[in-house]
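Novice: this is a predicted model, with the sequence first.
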Amino acid sequence: MSKESLEFTDKIVRIESEKDLPEAPISQGFTLVNKTGSWRNVRPLLKEQNAPCQNACPLKVWIQSFIDLLTRGKPEDAALEILKNNPFPLLTRRLCRAKCEIACNRKKYDAPISIRELEGFTGSIAYDKNIYPEREKPLSRKIAVTGNSESIMSAAYFAYLFGLDVDLYTTSPFDGLGLSEEEVEREISRLRNMGINIIAEGKKLEELLDKYDAVITDMGEVKDKLTFQTDNEKLYIVAPERKDFSRDLYFGKRAAKSVYQYLKGEPIEKDAPPPRSVSFNNIVTDYFEPEERIDTINTMQEAIQEGNRCFSCGHCNSCGNCYVFCPDAAISWINDLPVVDYDYCKGCGICVEECPRSVLILVPERG
Amino acid sequence: MIMRNWTVPMEENLLEGHVACQGCLGALAMRLMLKGLGTNVAIAIPACCWTIISGDVLYHALKVPVFHTAFETAAITATGIKAGLTMRGKGDTTVLAWAGDGGTFDIGLQAISGAAERNEDIIYAVYDNEAYMNTGIQRSSATPYGAWTTTTPAKRPEDKPKKDLVEILAAHRIPYVATVTPAYPEDFLRKVEKAKKIKGFRFFHIFAPCPPGWKMPSDYSVKAARLAVQTKVFPLFEIENGERYTINYEYPKDVPVEDYLKLQGRFKHLFKTPEKIEHIKEQVKKRWDYLVMRHKLTHGTTDNIIRKVFYK
Amino acid sequence: MSFKKVLTGNHAVSYGATSARVQVISAYPITPQTTIVELLSEIVAEGKLDAIFVNVESEHSAMSACIGASAAGARAFTATSAQGLALMHEMLHWAAGARLPIVMANVNRAMAPPWSIWTEQNDSLSQRDTGWMQFYVESNQEAYDYVILAYKVAEKVLLPAMLVLDAFVLSHTSEPVEIYDQDKVDEFLPPYEPKYAIEPGKPISYGALSKPDTYMEFRYKIQRSMEEAVKVIEEETAKFNEMFGRNYGIVEPYMMDDADYVIVSSGAMTSTVRAAVHEMREEGKKVGLLKMKTFRPFPFEKVREYLSGRKKVAVLDRNISFGHHGIFYEEIKSAMYSVEPRVPIHGYILGLGGRDVTKQDIKEIYDDLIKREEISEIIWKGVKL
């Protein structure tokens, strides 16, 4: 056998005369020549789905993803994932009502994941290591954010992340939450270190409206609970409800988003409802061992152990089932993710059926 | 590299473009087997689905050589290949006989018995899809009680129990007999790696659901195999030297056999005759009790049987 | 140095396999073959032959083991008889289709029922269309020689070969046999170098599903190799004759030069025919003998060359194709179809199930032949009517 024929190619063997065949009935090429993908009427697709925790979270923290990163041994990345949506994970660790845990699919299996604890513990890594979330491209627009409430602190945080220049006027940040001085100082210094200009004084609204491209304040009556717009397009009024700490943080984020959209010249639209989340019935529980929930997380080991309990609903956490169970060897494992070779995938659907978390779905083949 | 659920060799010795039906666990079984065995391997394949799967005469689906042989001759052809290779100084090559249940439970049994009794240094693996699937789903002696096939129609379904081939092999006192299924890939590979190190006749009974033959959607085949293990229809165990029995795994919860049966159209008619389902349950229990007894005889305890939801 | 040894036909075959340095032997006992592999197992056990001996549970497996071994590139050997050969039938096709140069000794034995253990050619002739070469030997020396020759030819044309010897008449009858110097045998028959062997690191499939677009070509190639085998047999036999002082051919004429009448024979009964012809010649009868050494490939050219222009031909068949005639008769008649002027050929069935074939029988056949006006396609000799 020549060296060339040892290479596994999809070369077609042409038989034009009997001389093209050996005496013995031996193979001359490889089945790669059969593009069995043509058999398929449905195709598996890796498509991130929402998890119930994520949908229940007022801040829409991508919980599955940060837990995944944490348990992959990437705690900094996990912390940054949290900080994309949660400005104060150390505060939410104490103050959040953790609707995520009520929604958690694992609740129906043994006990919900200690998400609040995990989020708080993981978030603290960013504080310890002094790392900050990435900011979007600066817009060169300057806004004033004024007030003392958690919604205002959140608004300043997100406005800055959206790329706006932020002057935060606050005299008594996180007022009324019963935070210790250390806690307040910790959060404020982080905001300052991020690049928010903090001014410890109050200014008249008119003055601010004159000086800045837009203003967010918690003083005055909230006109629109979805976008926090007012009759003055430069003015956004947001205030905490004090029913749900995280929701109050979300209000700040939403107000910042409205300002951002306004300054970018985009229409200000209210948030669309999240897509349906993966339900418990979509979870293949045979791939999970019942395990006791860790209520309080103090060490990385505990964090990983608890994180490993996560079903990772709708988020690929590289379990490998799709790769291992493919009868057609049509799934490669590239950068810890499945890559389907559609030239050969026959669309049997095993990868989808065995995906424990419904992140692989079947879609009809066009044509 | 991260793969959370599995530690399996990433080596791929099954090529794409093989022409197994969608969801064929016979194909997956070969993929896993060769992940475990590597490429210092030669295979004898008798008439079976794999005659077709491996491709047209011009093309080949594996990274190892295959000799296609007659229906009843997998064990002996493998024996011959081993002898030939040994005489040519290649005695370290693992020779694998790879056959379906028809070629193993029925027509090939004589040659298997011969090779087993002589303790030929080969691995014999049967991928059992419980009927003659390649010829169009006819009943074999591996067809389980109650099953529909094209020669045991629903009006008069299979009325005999599946042949207990593993016991027949064990009675040959061969060094290693194992039951595996691709639904438990790590158990499968662990046993392949163990067998690879053993000299003599090694036998693998591979439970390999067949979507068309079992009348079920192609995406259910791994699930069906998993349920077969969970319901104890197909227990995972090993027999060493014909006497050391080890049950590898017991699902920690009771799963009714019906869960397994109702997945498959071939058992659909049974739900009109609950006494037949009861009969199946009794047989499953009897067999399990027997295995537990043998396990206990070997180990003095059953505490060492792994009881987890997610068994690898 | 070569030496002479008194051997039964079966043991001559065992020695032949030893001289041919077979590497894998697989066999199942059947009378009257058994002593071939008994002796071989002893030779292997004594370390006089470096080979693996596989004691299988059936002839079907014996042939399958040889197929596996040959596919893996080893020189493989087996021996059988009658029912055993019939059981192998499927695998005979396999060996030829896979182009494996296996050599097998078949001790001709009548097929049951009723049970018989005595000589008759129906077992081997039933394998006519399997793609195996067939050599019918007359003596124990030929039995020894043709194991070696058969490998030489088989490995050249990549087709299996069967040497056929008669039950008891040869298998269990002793004659002096010259066993050759091993170096000389090695020179004639070097180690087998397989062209298509399966081996690790060579990812090929062997014998997978061939669709109608390729199957016919593989069959064409077998036929071409069979045709080529005629030439190869003639060449290799000539070399063999030169090296070992024999006088073999693809067919073998005896007192044929001026013969008006020819008796065609095969196998051990040829010796009887030879003696009868010799005596008849002394009586002045112009009779000759044509020995059919090779049945497959069929030696058309030589048969035509030797039988053309004769007054009458008698073909002796220790076999019968029920509903037709003797099998050699059919084949010779068909070979002579194109020859003008037409040679009258008569077919005689005799010696079935080991019934003795005597010189007297042959002389009577001659007398019968010269008297016959019309062609008789099937004449039963010696049957109690």
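Specialist: Nice, I can see it.
Novice: C-alpha from now on. contacts and neighbour counts both.
Specialist: Will do.
Novice: in chain A, where is pLDDT below threshold?
Specialist: Scanning chain A for pLDDT under 70 picks out the ranges A:1-6, A:367.
Novice: in what helix or strand does residue 78 lie?
Specialist: Picking chain A for this. helix A:75-83 (DSSP states H and E).
Novice: chain C is the one I meant
Specialist: strand C:76-81.
Novice: chain center to that strand, what's the gap?
Specialist: 13 Å (CA atoms, centre = their mean, to the nearest Å).
Novice: what is the mean pLDDT for it?
Specialist: Taken as a whole, strand C:76-81 has an average pLDDT of 98.
Novice: just the closest residue of chain C to chain A, please.
Specialist: Nearest residue of chain C to chain A: C:Tyr206, at 4.4 Å (CA to the nearest CA).
Novice: stretch C:211-219 and chain A in contact?
Specialist: Yes - Stretch C:211-219 reaches chain A (CA under 8 Å from any CA of the partner chain) through C:Thr214, C:Glu217, C:Phe218.
Novice: give me the phi and psi for the residue of chain C closest to chain A.
Specialist: Dihedral pair for C:Tyr206: phi -120, psi 110, per degrees, to the nearest 10.
Novice: related to what we said a few turns ago, and the contacts of the helix or strand that the helix holding A:Ala78 is followed by?
Specialist: Per DSSP H and E, the first helix or strand lying C-terminal to helix A:75-83 is helix A:89-95. Helix A:89-95 is contacted by residues A:Ile82, A:Leu83, A:Arg116, A:Glu117, A:Glu119, A:Gly120, A:Phe121, A:Gly123, A:Ser124, A:Phe245, A:Ser246 when judged by CA atoms under 8 Å, 6 or more residues apart in numbering or on different chains.
Novice: what of stretch A:202-211?
Specialist: A:Ala144, A:Thr146, A:Gly147, A:Tyr169, A:Thr170, A:Thr171, A:Val215, A:Lys234, A:Leu235.
Novice: how much space between the fourth one and A:Arg190?
Specialist: Same thing as A:Tyr169. 15 Å (CA to CA, to the nearest Å).
Novice: quick one: which of the two has more around it?
Specialist: A:Tyr169 (23 against 19; other CA atoms under 10 Å in any protein chain shown).
Novice: partner residues bridging the more buried one?
Specialist: A:Thr146, A:Ile199 (DSSP bridges).
Novice: export the residues of stretch C:211-219 next to chain A to a markdown table and tack on distance to chain B, neighbour count and secondary structure?
Specialist: As requested, those are exported to a markdown table (distance: CA to the nearest CA, whole Å; neighbours: other CA atoms under 10 Å in any protein chain shown; DSSP: H, G, I helix; E, B strand; the rest coil):
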| residue | distance to chain B | neighbour count | secondary structure |
| --- | --- | --- | --- |
| C:Thr214 | 8 | 19 | coil |
| C:Glu217 | 12 | 20 | helix |
| C:Phe218 | 11 | 20 | helix |
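Novice: can you lay out the residues you listed as JSON lines showing distance to B:Cys21?
Specialist: Formatted as JSON lines, the residues of stretch C:211-219 next to chain A follow (distance: CA to CA, whole Å):
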{"residue": "C:Thr214", "distance to B:Cys21": "24"}
{"residue": "C:Glu217", "distance to B:Cys21": "29"}
{"residue": "C:Phe218", "distance to B:Cys21": "28"}
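Novice: I figured the residue of chain C closest to chain A hits B:Ala61, correct?
Specialist: No - C:Tyr206 is beyond contact range of B:Ala61, at 11.9 Å (criterion: CA atoms under 8 Å).
Novice: and the strand holding C:Thr78, which strands flank it?
Specialist: strand C:24-27 (parallel), strand C:103-108 (parallel).
Novice: what's the following helix or strand after that strand?
Specialist: helix C:82-97.
Novice: same for that following helix, what does it pack against?
Specialist: Packing partners of helix C:82-97 (3 or more CA pairs under 8 Å, 6 or more residues apart in numbering or on different chains; DSSP states H and E): helix C:59-71, strand C:103-108, helix C:122-125.
Novice: which residues of the stretch 101-250 of chain B lie near chain C?
Specialist: B:Gln110, B:Ala111, B:Gly114, B:Ala115.
Novice: need the residues of chain C near chain A, please.
Specialist: So far as CA under 8 Å from any CA goes, chain C lies against chain A at C:97-99, C:196, C:202-208, C:214, C:217-218, C:221-222.
Novice: the longest helix along chain A: how far from the chain's middle?
Specialist: As assigned by DSSP state H, the longest helix anywhere in chain A is helix A:245-264. Centre-to-centre, helix A:245-264 and its host chain are 18 Å apart (CA atoms, centre = their mean).
Novice: could you do stretch B:61-77 as well?
Specialist: Using CA atoms, centre = their mean, the offset of stretch B:61-77 from its chain centre is 17 Å.
Novice: now the strands for the stretch 151-300 of chain A?
Specialist: Along the stretch 151-300 of chain A, counting by DSSP state E, counting those that start in this stretch, strands occupy A:165-169, A:197-199, A:214-217, A:235-237.
Novice: buried sites along the second one?
Specialist: Residues A:Asn197, A:Ile198 are the ones in strand A:197-199 that count as buried (16 or more other CA atoms under 10 Å in any protein chain shown).
Novice: now the helices: where do they sit in the chain?
Specialist: Going with chain A. Under DSSP H, chain A gives helices at A:52-56, A:63-71, A:75-83, A:89-95, A:99-103, A:115-128, A:150-161, A:181-194, A:205-211, A:245-264, A:300-307, A:321-325, A:350-354.
Novice: the intended chain is chain B.
Specialist: Under DSSP H, chain B gives helices at B:25-37, B:49-53, B:74-87, B:101, B:109-117, B:165-170, B:185-197, B:211-214, B:221-230, B:257-261, B:274-299.
Novice: pick out the residue nearest the middle of the chain.
Specialist: You didn't pick a chain, so chain A it is. Nearest residue to the geometric centre of chain A (CA atoms, centre = their mean): A:Trp62, 3.0 Å.
Novice: meant chain C actually
Specialist: C:Phe135 (2.3 Å).
Novice: name the residues of stretch A:299-316 that come out as buried.
Specialist: A:300, A:303-316.
Novice: which members of the residues you listed are the farthest-apart pair?
Specialist: Across the buried residues of stretch A:299-316, no pair lies farther apart than A:Met300 and A:Gly314, at 24.4 Å, counting by CA to CA.
Novice: for the residue of chain A found nearest chain C, give its distance to C:Met226.
Specialist: Nearest residue of chain A to chain C, counting by CA to the nearest CA: A:Ile26, 4.4 Å away. Separation of A:Ile26 from C:Met226 (CA to CA) stands at 20 Å.
Novice: those two - which one has more neighbours?
Specialist: Remark: of A:Ile26 and C:Met226, A:Ile26 carries more neighbours, 25 against 21, as counted by other CA under 10 Å.
Novice: does that one touch C:Leu209 like I think?
Specialist: No - contact criterion CA under 8 Å: A:Ile26 and C:Leu209 do not qualify, at 10.2 Å.
Novice: where do the contact lists of these two overlap?
Specialist: By CA under 8 Å, 6+ apart, the residues touching both A:Ile26 and C:Leu209 are B:Val57.
Novice: what are the structural domain limits within chain C?
Specialist: What automatic domain parsing lists as the domains of chain C is C:3-243, C:252-380.
Novice: can you count the residues close to C:His324?
Specialist: 11.
Novice: for A:Lys108, same thing?
Specialist: With other CA under 10 Å as criterion, A:Lys108 counts 11.
Novice: what's the closest non-adjacent residue to it?
Specialist: A:Phe280 (7.2 Å; CA to CA, 6 or more residues apart in numbering or on different chains).
Novice: separation between that neighbour and B:Pro252?
Specialist: A:Phe280 is 20 Å from B:Pro252, by CA to CA.
Novice: wasn't C:Ala238 part of a helix?
Specialist: Yes - checked against DSSP: H, G, I helix; E, B strand; the rest coil, C:Ala238 lies within a helix.
Novice: list the residues that contact it.
Specialist: Per CA under 8 Å, 6+ apart, neighbours of C:Ala238: C:Tyr248, C:Gly249.
Novice: alpha carbons of the longest helix of chain A, as CSV, please.
Specialist: Presented in CSV, the C-alpha positions along helix A:245-264 are these (Å, rounded to 0.1, in the frame of the first residue of the first chain):
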residue,chain,number,x,y,z
PHE,A,245,-32.4,45.0,46.1
SER,A,246,-31.4,43.5,42.8
ARG,A,247,-34.4,44.8,41.0
ASP,A,248,-33.5,48.3,42.3
LEU,A,249,-30.0,47.8,40.9
TYR,A,250,-31.6,46.7,37.6
PHE,A,251,-33.6,50.0,37.6
GLY,A,252,-30.3,51.9,37.6
LYS,A,253,-29.0,49.7,34.8
ARG,A,254,-32.1,50.3,32.8
ALA,A,255,-32.0,54.1,33.3
ALA,A,256,-28.3,54.0,32.2
LYS,A,257,-29.3,52.1,29.1
SER,A,258,-32.0,54.6,28.2
VAL,A,259,-29.5,57.4,28.5
TYR,A,260,-27.0,55.5,26.4
GLN,A,261,-29.6,54.8,23.7
TYR,A,262,-30.7,58.4,23.8
LEU,A,263,-27.1,59.7,23.4
LYS,A,264,-26.4,57.2,20.7
